[in-house]
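>>> Pasting the sequence and the predicted model now:
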Amino acid sequence: MLVCHCKVVTDRQIRAAIDAGARDEFDVAAACGAGSDCGGCIPTVQQLLGECAGCPVAGVARSTLTLPAA
Amino acid sequence: MQGNAQVIEFLNEALTAELTAINQYFIASKMADNWGLKALAKDYYDESVAEMKHADILIERILLLDGTPNMQRLFNVQVGEDPIEQFRLNFEMEKAAVERYRRGVQVCADAPDPGTRAFLEPILLEEEHHVDEAESELDLLARIGEQHWLARWA
């Protein structure tokens, strides 16, 4: 399944990044790019992290988007 | 006419799901066409349009209840890498839609908002029909095998 549409990263590639030591969504983004553009797939990345033993699921989805100042 | 806050919140969640389904079926249709599965592409295209009609009436209902339709939010668009995975992901999405609309009927019963309940029930019936059709296809897939199943959709 294609998880990150922006960087074209599949669930298998994200699982491989987690197997190789990624422990949060920032590690995953650094390893394979997933979640580093629009941020829409970060909840799915967190879900995949949660399936991996010993990886706590972040309580709040953090967006990589920078909002313009008010 | 001011609607119940929980009902409007549910309608917006349903709208998010329909907007997601429009996109998921649309990309599935274009990928199926690219794989040469023309009949499957046509089927997904029609499903995408059917979901757009649901989005159409959900938006109207939210506005009628003086709510604000959220056109910005999407759930994850789940794109399968091959035709079988794609079909299964679409099936999972349809099952989630049935569960969601059943919950929505309950939200309307609790509100109470019998008008919105009557509005949701025909959509629920359509989604149940989609799930039933997909189940039949998956039964057939198990019976005749992947290659024969794909040949039916070419």
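That came in fine, so what should we check first?
>>> Return the backbone torsion pair for the closest residue to chain A within chain B.
Closest to chain A within chain B is B:Val79: 4.0 Å, counting by C-beta to the nearest C-beta. C-beta coordinates here come from the backbone N, C-alpha and C atoms, glycine included. B:Val79 has phi and psi values of phi -110, psi 110 when expressed as degrees, to the nearest 10.
>>> Give me the neighbour count for it.
18 (other C-beta atoms under 10 Å in any protein chain shown).
>>> show me the contacts for it.
A:Met1, A:Leu2, A:His5, B:Gln24, B:Ile27, B:Ala28, B:Met31, B:Gln86, B:Leu89 (C-beta atoms under 8 Å, 6 or more residues apart in numbering or on different chains).
>>> pLDDT value on residue 61, please?
All of this refers to chain A. Note on A:Ala61: pLDDT of 41.
>>> that answer is for a different chain, and I need it for chain B
Reported pLDDT for B:Arg61: 98.
>>> That one and B:Thr116 touch, don't they?
Yes - B:Arg61 lies in contact with B:Thr116 (C-beta atoms under 8 Å); the separation is 6.6 Å.
>>> overlap in contacts of those two?
Counting by C-beta under 8 Å, 6+ apart, the contacts common to B:Arg61 and B:Thr116 are B:Leu11.
>>> higher neighbour count, those two?
B:Thr116 (24 against 21).
>>> how about the nearest residue to that one, chain neighbours excluded?
B:Cys108 (4.8 Å; C-beta to C-beta, 6 or more residues apart in numbering or on different chains).
>>> for B:Glu85, same thing?
B:Glu85 sits nearest to A:Met1 (C-beta to C-beta, 6+ apart), 6.5 Å away.
>>> so what's the residue nearest the centre of chain A up against?
Central residue of chain A (C-alpha atoms, centre = their mean): A:Val45, 3.6 Å from the mean position. By C-beta under 8 Å, 6+ apart, A:Val45 lies in contact with A:Val3, A:Cys4, A:Ile14, A:Glu25, A:Val28, A:Ala29, A:Ala34, A:Gly35.
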